[in-house]
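In: I'd like to go over a predicted model; first the sequence, then the structure.
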Amino acid sequence: ARNSVNGHFALWRERGDISLPTESPAALGLSSFVVNLDAVNNRLQGRMEATGKHLGSLRANAESLLSLRDGVWGIAGNAPLQGGADLSVESLVWLQPLLGGAASFNGAVKARLQVAGVFAHPELTGALSGDRFTLALPEHGLSFREGRLEAELAGQEVKLTSLVLHGGDGKLSGKGRLAFADGAPSLQLALQADKLEVFARPDRHLILSGTSDVSLAGKALQIAAKLKADRGLIELPKADAPTLGDDVVVLGRDTSAKKARSPYGVGYELDLDLGDHFFIKGKGLDAQLGGALKLAGTGKGLPTSRGSIRVVKGAYAAYGQRLAIDRGLFNFQGPVDNPGLDIVALRKNQPVEAGVAVSGTAQSPRVKLVSNPVVPDNQKLSWLVLGHGVDDASKQEFNALQAAAGALLGAGESITLQQKIAYAAGLEEISLRGGGELEGTVLALGKRLSSRAYLSFEQGLAGAGTLVKVNYALSKRLSVQTQAGAAPAADLFYTVSFD
């Protein structure tokens, strides 16, 4: 009849597979795929069955009514709808390409869903469960196991009734809800960590306890967490890895692709308590840290910070010595990369306990010598480096003092203090020269007069010896040097360079 639709449609797989469009395609491993549609007197029934090595099994059915409108057959928005689906996936390892090559992921999922209502506004109910979840990033020392979840679906809301994930001897648990109202998602998620092992590497170990709340309203994502470190260890690398400058262009590398910007605005507040077992090692530092820090930000730029971190006990290796940290405070009141410093480290168990005091900020530190009892700076440096006074220093020890003084003056700077003074005075060089005691040390000042001529002045620190030198380059290899003062002379030099 013209006012009714009857028929049968069937679609099945003969060969082939379906792959997810990832960088490394993930195939479903289909072994069967069948779709049947039957129309009997305008009543439309559909059934689908699919099985696969990775997909597992999927069975679904749905039923509705066809109607004629403006000469076209279709399903009206107010047409009744009912149906259901059953999904069972025993392994999710095939989803690993979605997480990147370095990640390891697995688990199992089961779902049973029912649909009712009308075609334009279906009402979904059902349950979702998963277990045997594992997630590992070996490069970062991250390994979670024995994960499981239980969720219920009712209308436009998904309620997460249980979430458990184990890490080390601890676990992460959580509950929450995800709703869709007028097409805009909203999320409420509450998480609790109980001695959860987050990182487990020889140089990076972290166990956390605490709570976290995650909320999403429209396109605004908010994260609030209050965490305490049950145990922590950070070993600083021996040297920073070199990086290319911004002006370096690597041929063949595509730089046209721009990093995708997230459509969501992110805000976070983090309260972190370092607890009683947090340690940091490397680059001469071996210390136990304590204190608490509050971080807040929006995901753009560095977070702001408030709080203080202290050195509970520790030592710092410098100038060939192990210095005990008497006081170590890092005060945060603003950008997290520029805390205030209040640090004192001393060489202990000697008549004069000498060391260094660091104040100022991380970006503009001030370093000075300190001692107990108070002695002149040259004596402080001697007791710090040599373990005795400067009067008892040998020729070799005096050289070590000079090196230590230069390192101290230039600490934390890309150029030394001597170079800064020289540049401020319009000179190229201000330095101390000599391979022995004070009597053999001279103060040298240097100034380049032209591309060929260099003028230098040398004054002995313990005597009246004074020399003025002029070096003139006659060619690439040949130069002449004249000097006047305590020992007048003229010399001709021929220079040969070789590897």
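Out: Perfect, I can see it now.

In: going forward, measure contacts and count neighbours with C-alpha atoms only.
Out: Noted.

In: tell me which element Leu381 falls in.
Out: helix 377-385 (DSSP states H and E).

In: buried stuff in that helix?
Out: Residues of helix 377-385 classed as buried: 379-385 (neighbour count, 16 or more other Cα atoms under 10 Å).

In: my read is that Lys469 contacts Ala486, right?
Out: No - at 11.5 Å, Lys469 does not count as touching Ala486 under the criterion of Cα atoms under 8 Å.

In: who's more crowded, those two?
Out: Comparing Lys469 with Ala486 by neighbour count (other Cα atoms under 10 Å), the higher total belongs to Lys469, at 19 against 11.

In: how much space between Ser64 and Leu163?
Out: 36 Å (Cα to Cα, to the nearest Å).

In: specify the beta-bridge partners of the nearest residue to Gly328 once chain neighbours are set aside.
Out: Setting aside the residues directly before and after it, Gly328 is nearest to Ile343 in space (Cα to Cα, 6 or more residues apart in numbering), at 4.3 Å. Per DSSP bridges, the residues bridged to Ile343 are Gly328, Val358.

In: who touches Ile343 in this structure?
Out: Listed by Cα atoms under 8 Å, 6 or more residues apart in numbering, the contact partners of Ile343 are 325-329, 357-359.

In: for Leu124, same thing?
Out: 113-116, 153-156 are the contacts of Leu124 under Cα under 8 Å, 6+ apart.

In: pull out the buried residues from these.
Out: The buried subset of the contacts of Leu124 (16+ other Cα under 10 Å) comprises 113-116, 153-154, 156.

In: quick one, longest strand in the protein?
Out: strand 184-201 (DSSP state E).

In: show residues contacting it.
Out: With Cα under 8 Å, 6+ apart, strand 184-201 has contacts from 140-143, 166-180, 205-218, 230.

In: got it, and stretch 129-136?
Out: 103-111, 142-151, 165.

In: only the buried subset of the contacts of strand 184-201, as a PyMOL command please.
Out: Burial among the contacts of strand 184-201 is assessed by 16+ other Cα under 10 Å; the matching PyMOL selection reads:
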select buried, resi 141+142+143+166+167+168+170+171+172+173+174+175+176+177+178+179+205+206+207+208+209+210+211+212+213+214+215+216+230
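
In: what sits against the residue nearest the centre of the chain?
Out: Central residue of the chain (Cα atoms, centre = their mean): His140, 10.2 Å from the mean position. By Cα under 8 Å, 6+ apart, the contact list for His140 reads 199, 201.

In: tell me how far it lies from Asp203.
Out: For His140, the distance to Asp203 - Cα to Cα - is 10 Å.

In: can you name the residues that contact the closest residue to Leu58 other than its chain neighbours?
Out: The shortest distance from Leu58 to any non-neighbouring residue, by Cα to Cα, 6+ apart, is to Leu87 (4.6 Å). By Cα under 8 Å, 6+ apart, the contact set of Leu87 is 56-59, 109-112.

In: of all those, which comes closest to Asn372?
Out: Val109 (67.7 Å; Cα to Cα).

In: isn't that closest one right next to Val89, touching?
Out: Yes - assessed by Cα under 8 Å, Val109 is found in contact with Val89 at 5.2 Å.

In: re earlier: any idea which of the contacts of Leu87 the model trusts least?
Out: Among these, Gly56 carries the lowest pLDDT, at 90.

In: now for the closest residue to that residue other than its chain neighbours: which residues touch it?
Out: Closest residue to Gly56 apart from its sequence neighbours, by Cα to Cα, 6+ apart: Val89 at 4.5 Å. By Cα under 8 Å, 6+ apart, the contact set of Val89 is 54-57, 108-110.

In: could you rerun that using 10 Å?
Out: 51-58, 107-111, 130 (Cα atoms under 10 Å, 6 or more residues apart in numbering).

In: buried by neighbour count, from those residues: which ones?
Out: Using 16+ other Cα under 10 Å as the threshold, 51-52, 54-58, 107-111, 130 are the buried ones among the contacts of Val89.

In: now do Leu285, the pLDDT please.
Out: Looking at Leu285, the pLDDT reads 86.

In: and the closest residue to it other than its chain neighbours, how far from Leu92?
Out: Distances taken as Cα to Cα, 6+ apart place Tyr316 nearest to Leu285, at 4.6 Å, with adjacent residues excluded. Distance, Tyr316 to Leu92, using Cα to Cα: 49 Å.

In: one more: Val214?
Out: In terms of Cα to Cα, Val214 sits 26 Å off from Leu92.

In: then Ile343?
Out: 52 Å.

In: before we move on, what about Leu178?
Out: Taken as Cα to Cα, the span from Leu178 to Leu92 is 23 Å.

In: model confidence for the closest residue to Leu492 other than its chain neighbours, exactly?
Out: Nearest non-adjacent residue to Leu492, counting by Cα to Cα, 6+ apart: Val480, 4.5 Å away. Val480 is assigned a pLDDT of 91 by the prediction.

In: again with Ala229
Out: Note on Ala229: pLDDT of 96.

In: just give me the neighbour total for Gly7.
Out: Around Gly7 there are 11 residues (other Cα under 10 Å).

In: and it, what does it touch?
Out: By Cα under 10 Å, 6+ apart, the neighbours of Gly7 are 37-42, 44.

In: in terms of pLDDT, where does it sit?
Out: 93.

In: now, among the buried residues of helix 377-385, which is nearest to Ile309?
Out: For these, the nearest to Ile309 is Leu384 (26.4 Å; Cα to Cα).

In: leaving out chain neighbours, which residue sits closest to that closest one?
Out: Nearest one to Leu384, counting by Cα to Cα, 6+ apart, is Ala354 at 5.0 Å.

In: returning to that earlier point: for the residue nearest to Leu492, helix, strand, or coil?
Out: Under DSSP: H, G, I helix; E, B strand; the rest coil, Val480 falls in the strand class.
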